[in-house]
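[1] dropping a prediction and its sequence here:
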Amino acid sequence: MYQVDAFTQERFKGNSAAVVPLEHWLSDAQMQSIAMENNLSETAFLVREADGAFHIRWFSPLTEIDFCGHATLASAFVLLEQQIASAPLTFRAGAVGDISVARLDDGRLEMNFPNRAPEPVVNPPVGLLSGLGLLPTAVLKNRQAWFAVYEHEDQVRQLAPDLEALKSLAPLDVVVTAPGISQDFVSRYFWPANGGEEDPVTGSIHAGLAPFWAGRLGKTSLVALQASRRSGLLYCRVEGDRVFVAGHAVQYLQGTIEV
């Protein structure tokens, strides 16, 4: 097993993910138990398929997750650094199909995601508004989360939501976002129903955030800051029905687990 900090060049920043390359699948119960024991945002399990692609599954401490960006970035980092495979890589996931990962000239790893732009919501649920406490200027939704849009970065940073209220929105999570001061936009991500309180850096939600802010800001290449306590930088570009999300990663741990 490897533990990697994703979307950062500095150890103990970004978002930690465990990566477990397998020859054959463990049982679902075993994989969920390992994820619970790791107690990280995500543990990714990989099995190479006949065509060379890697089937990937992601588990939070609570449940299996349909789509996880930072653990995909961490998995690509492990496969390349350990010379298990060479770039470009292909990951295969049931809910999102094939995800390709390329290594850029500066060392960043760039993931190719489906565009999951959110749609505006006229009547957002009471649990969302009461849970956030601070009224957003707009609310949108995609298949992963509710999007609450604010005017200023400071509002996103200072938000202290009622997580029990947000838990009532399951299976959807909640992302809050605003224009950035030093970056194009900032966000924070809360997922009490599916993983924990606040996710440090959420690659997958940028498949929705990037096209939203591309439309707002009139640009297709954006730099994003997830303003959690650990924080992380994501480099995004939008090309039609695809969203490319890139970042750095650094290894923290390599070890052997007993099952």
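    Right, received. Where do you want to start?
[2] quick check: buried residues in stretch 239-246?
    243-246 (16 or more other CB atoms under 10 Å). Using the backbone N, CA and C atoms, a C-beta is placed for each residue, glycine as well.
[3] next: stretch 209-227.
    Applying 16+ other CB under 10 Å to stretch 209-227 flags 209-214, 220, 222, 224-227 as buried.
[4] out of the residues you listed, what pair is the most spread apart?
    The span of the buried residues of stretch 209-227, defined through CB to CB, is set by T220 and A227 at 22.6 Å.
[5] what's next to stretch 114-124, contact-wise?
    The contact list for stretch 114-124, computed with CB atoms under 8 Å, 6 or more residues apart in numbering, reads 96-97, 138-147, 207-208, 211-212, 215, 238, 240-243.
[6] give me the mean pLDDT for it.
    Averaged across stretch 114-124, the pLDDT comes to 97.
[7] go on, stretch 234-252?
    98.
[8] for that stretch, measure first residue to last.
    20 Å (CA to CA, to the nearest Å).
[9] give me the distance between that stretch and the centre of its chain.
    Centroid separation for stretch 234-252 versus its chain: 10 Å, with CA atoms, centre = their mean, to the nearest Å.
[10] for whichever strand or helix holds R237, which strands pair with it and how are they oriented?
    Per DSSP states H and E, R237 falls inside strand 232-239. When pairing is defined by DSSP bridges, strand 232-239 lines up against strand 221-226 (antiparallel), strand 242-247 (antiparallel).
[11] contacts for the last one?
    Read that as strand 242-247. 6-8, 14, 69, 73, 104, 108-116, 203, 206-207, 210-211, 232-238.
[12] CA atoms only: put stretch 154-168 into CSV for me.
    Taking C-alpha atoms only, stretch 154-168 is exported to CSV below (Å, rounded to 0.1, in the frame of the first residue of the first chain):
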residue,chain,number,x,y,z
ASP,A,154,-13.5,35.2,2.5
GLN,A,155,-17.1,34.0,2.7
VAL,A,156,-16.1,30.5,1.6
ARG,A,157,-13.1,30.5,4.0
GLN,A,158,-15.2,31.5,7.0
LEU,A,159,-18.2,29.3,6.4
ALA,A,160,-19.0,27.0,9.3
PRO,A,161,-21.9,24.8,8.1
ASP,A,162,-24.2,22.7,10.1
LEU,A,163,-23.0,19.2,9.0
GLU,A,164,-26.0,17.4,10.4
ALA,A,165,-28.3,19.5,8.3
LEU,A,166,-26.1,18.9,5.2
LYS,A,167,-26.2,15.1,5.9
SER,A,168,-29.9,15.2,5.1
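[13] picking up where we left off before, in TSV: the strands paired with strand 232-239, plus distance to V156.
    What follows is the strands paired with strand 232-239, written out as TSV (distance: least, CB to CB, whole Å):
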stretch	distance to V156
strand 221-226	10
strand 242-247	19
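[14] A85: which of these is closest?
    strand 242-247 (18.5 Å).
[15] partners of the following helix or strand past that closest one in the sheet?
    The first helix or strand that comes after strand 242-247 along the chain, using DSSP H and E, is strand 249-254. Next to strand 249-254 in the sheet, as set by DSSP bridges, lie strand 2-6 (antiparallel).
[16] list every C-alpha atom in the helix or strand harbouring L80, with coordinates, as PDB.
    Using DSSP H and E, L80 sits within helix 69-81. Extracted as PDB, the C-alpha positions of helix 69-81 are listed here (Å, rounded to 0.1, in the frame of the first residue of the first chain):
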ATOM      1  CA  GLY A  69     -10.200  12.700  -8.500                       C
ATOM      2  CA  HIS A  70      -7.500  12.900  -5.900                       C
ATOM      3  CA  ALA A  71      -7.200   9.200  -5.400                       C
ATOM      4  CA  THR A  72      -7.000   8.800  -9.200                       C
ATOM      5  CA  LEU A  73      -4.100  11.300  -9.300                       C
ATOM      6  CA  ALA A  74      -2.500   9.400  -6.400                       C
ATOM      7  CA  SER A  75      -2.900   6.100  -8.200                       C
ATOM      8  CA  ALA A  76      -1.300   7.500 -11.400                       C
ATOM      9  CA  PHE A  77       1.600   8.800  -9.400                       C
ATOM     10  CA  VAL A  78       2.200   5.400  -7.800                       C
ATOM     11  CA  LEU A  79       2.000   3.500 -11.000                       C
ATOM     12  CA  LEU A  80       4.500   5.800 -12.700                       C
ATOM     13  CA  GLU A  81       6.900   6.300  -9.800                       C
END
